[in-house]
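> With the sequence up front, the predicted model follows.
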Amino acid sequence: MSKKALITGITGQDGSYLAEFLLNKNYSVFGIVRRSSSFNTGRIDHLIESYPLDKFDFYRGDVNDANSLIEIVKRIEPDEIYHLAAQSHVKVSFEIPVFTFDTVATGTLTLLEAVRSLGLRCKIYFAGSSEMFGSSPPPQNEDTPFKPRSPYAAGKVAAYQLCDIYREAYAIWIACGILFNHESPRRGETFVTRKITRAVARIQLGIQDRLYLGNLNARRDWGYAPDYVEAMWLMLQQHEPDHYVVATGETHSVREFAEAVFRYAGFDLVWEGEGLTEKGVDARTGKPLIEVHSSYFRPLETESLLGNAAKARKRLGWEPKTGFEELVKIMVDADMKRERMLLEGTKVFDEVWRTHI
Ligand code: NAP
Ligand code: F7E
């Protein structure tokens with residue numbers, strides 16, 4: 001019998017890579033998909049098309065709807081639950097703090113209650129975040145104090161503590177991953193890495209004029225998402241549940257990420273001015289490619305993240321396989337390909353449209 005996994009947040013970046021990873025390990029994979037007025041399964045459509053329903057299927061539900069969670073968990077009786085669902089955008093969490101806290105913290109509690117009330121014996125993975133460290137200075141590891149700097153991060157800390165409480169009080173098997181930023185061509189378009197790689201492709205193809213960014217000096221430890229979903233799985237293959245930092249151990253500023261992206265795409269980027277008037281200019285033409293805009297700054301910022309994943313390396317045998325420059329290359333190549341295809345598609349669409357009116 002193959003193992004059964006249930007993934008909340010399966011339509012997101014990590015959920016889609018994790019589903020592929022588990023299917024390759026011969027799991028039967030089930031996901032929870034929330035209702036939307038438009039298609040929201042773009043990242044998993046290839047799996048829906050390729051696998052029979054007993055291998056891969058999804059159910060409509062919401063982490064804030066206890067009934068739907070209880071019904072789905074009861075029906076599947078998973079061996080492993082990967083709890084990834086969240087409103088995961090930090091800047092947006094300042095705009096919709098109550099909704100964010102509801103999905104991140106209350107949503108986790110609702111899932112824990114569903115498992116507890118059903119008396120299900122399964123292993124649970126909780127998606128913690130390096131944002132929980134907030135203003136604690138780098139490097140950060142499992143012993144670093146949590147000093148959250150956003151409603152999103154406060155929600156993750158609350159959820160993390162609820163996991164500790166349910167583990168101790170009810171002997172529910174829950175491992176917590178404290179994952180640092182991880183990116184990919186499937187990253188949402190409004191997260192900074194994807195925003196930059198998508199923009200460079202569009203600028204090169206003449207679809208977009210320039211890119212507007214916020215804080216160029218924030219530092220992040222950026223890894224590659226497919227490497228990180230392996231760490232989630234490894235955590236659940238251990239005998240005892242534990243907490244693990246997952247990170248590359250390398251930190252870069254947003255400015256350095258942008259420089260690497262524009263360099264790889266063939267631009268010679270130079271910086272002029274400072275603060276809100278700073279610009280990244282094309283050295284060959286003098287044209288501004290990047291400008292700073294106040295609307296992308298946050299009311300509070302996590303300034304600097306750099307993870308120490310020594311525990312994951314030692315106990316799980318996990319190592320990141322993809323370095324910073326490789327990540328940049330993967331993301332820029334994918335966005336160049338996607339934007340070219342979209343442009344071609346638009347041309348074809350325009351031609352078809354013109355001949356029919
Ligand atoms: P993501 O792309 O934003 O995906 C979030 C997923 O949660 C989506 O499938 C989304 O559905 C779903 N979701 C949101 N609210 C929901 C609700 N009320 N009920 C059910 N599903 C809901 O995030 P990700 O990058 O894959 O990250 C996965 C998890 O890891 C998140 O918990 C995130 O906070 C955490 N994390 C991410 C990183 C990172 O760098 N990526 C680092 C540390 C921790 P829709 O597709 O319908 O929106
Ligand atoms: O911002 C700065 C911004 O939105 C990174 C989520 O997956 O990772 C992610 O959270 C940095 C910040 O990711 C823009 O101020 C500058 O310092 O890509 P981001 P994040 O906030 O680090 C953690 C680990 C999670 O858990 C979260 O779920 O980039 N920045 N200019 C910008 N950020 C954005 N989004 N857009 C800008 O224009």
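Perfect, thanks for sending it. The shown structure was predicted, so the numbers you read here are calculated from the model rather than taken from an experiment. Ligands and ions are numbered 1, 2, ... in the order given.
> check which helix or strand covers Ile48.
Ile48 is part of helix 45-50 when elements are defined by DSSP states H and E.
> Distance from that helix to the middle of the chain?
21 Å (CA atoms, centre = their mean, to the nearest Å).
> What of stretch 202-219?
Average the C-alpha atoms of stretch 202-219, do the same for its chain, and the two points are 20 Å apart (CA atoms, centre = their mean).
> How about that stretch and ligand 2, any contact?
Yes: judged by CB under 6 Å from any ligand atom, stretch 202-219 comes into contact with ligand 2 at Leu213, Gly214, Asn215, Ala218. Heads up, the C-betas are built off the backbone N, CA and C, glycines and all.
> Just confirm the last one contacts Arg298, I think it does.
Put plainly, it is Ala218. No: with contact defined as CB atoms under 8 Å, Ala218 and Arg298 do not form a contacting pair (9.2 Å).
> Next, check the residues of stretch 202-219 next to ligand 2 against the strands and list the overlap.
Leu213 (DSSP state E).
> Could you identify which of the residues of stretch 202-219 next to ligand 2 has the most neighbours?
The member of the residues of stretch 202-219 next to ligand 2 surrounded by the most neighbours (other CB atoms under 10 Å) is Leu213, with 20 neighbours in all.
> Strands along the stretch 1-150 of the chain, start to end?
Listed in chain order, the strands of the stretch 1-150 of the chain (DSSP state E, counting those that start in this stretch) span residues 4-8, 28-33, 56-60, 80-83, 123-129.
> check contacts around Ile124.
Contact criterion CB atoms under 8 Å, 6 or more residues apart in numbering gives Glu80, Ile81, Tyr82, His83, Leu111, Leu112, Val115, Cys163, Ile172, Trp173, Ile174, Ala175 as the residues in contact with Ile124.
> what mean pLDDT would you report for stretch 83-103?
Confidence over stretch 83-103, taken as the mean pLDDT, stands at 98.
> Likewise for stretch 173-190?
The average of the pLDDT scores along stretch 173-190 is 98.
> got it, and stretch 22-32?
98.
> Show me the contact partners of that stretch.
Outside stretch 22-32, the residues that touch it by CB under 8 Å, 6+ apart are 2-11, 15, 19, 44, 47, 51, 54-63, 68-69, 72, 76, 78, 80, 85, 233.
> ends of that stretch, how far apart?
Across stretch 22-32, the straight-line distance between its terminal residues is 16 Å, by CA to CA, to the nearest Å.
> Kindly report the same for stretch 185-200.
Stretch 185-200 end-to-end distance (CA to CA) = 14 Å.
> One more: stretch 32-41?
11 Å.
> Name the residues of it that come out as buried.
If you call a residue buried by 16 or more other CB atoms under 10 Å, then stretch 32-41 has these buried ones: Ile32, Val33, Arg34, Thr41.
> So is it next to ligand 1?
Yes: for stretch 32-41, a contact with ligand 1 is found by CB under 6 Å from any ligand atom, at Ile32, Arg34, Ser36, Asn40.
> residues contacting the second one?
Arg34 makes contacts with Asn40, Arg60, Gly61, Asp62, as judged by CB under 8 Å, 6+ apart.
> can I get the residues you listed in JSON lines with pLDDT?
As requested, the contacts of Arg34 are arranged in JSON lines below (pLDDT from 0 to 100):
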{"residue": "Asn40", "pLDDT": "94"}
{"residue": "Arg60", "pLDDT": "97"}
{"residue": "Gly61", "pLDDT": "98"}
{"residue": "Asp62", "pLDDT": "98"}
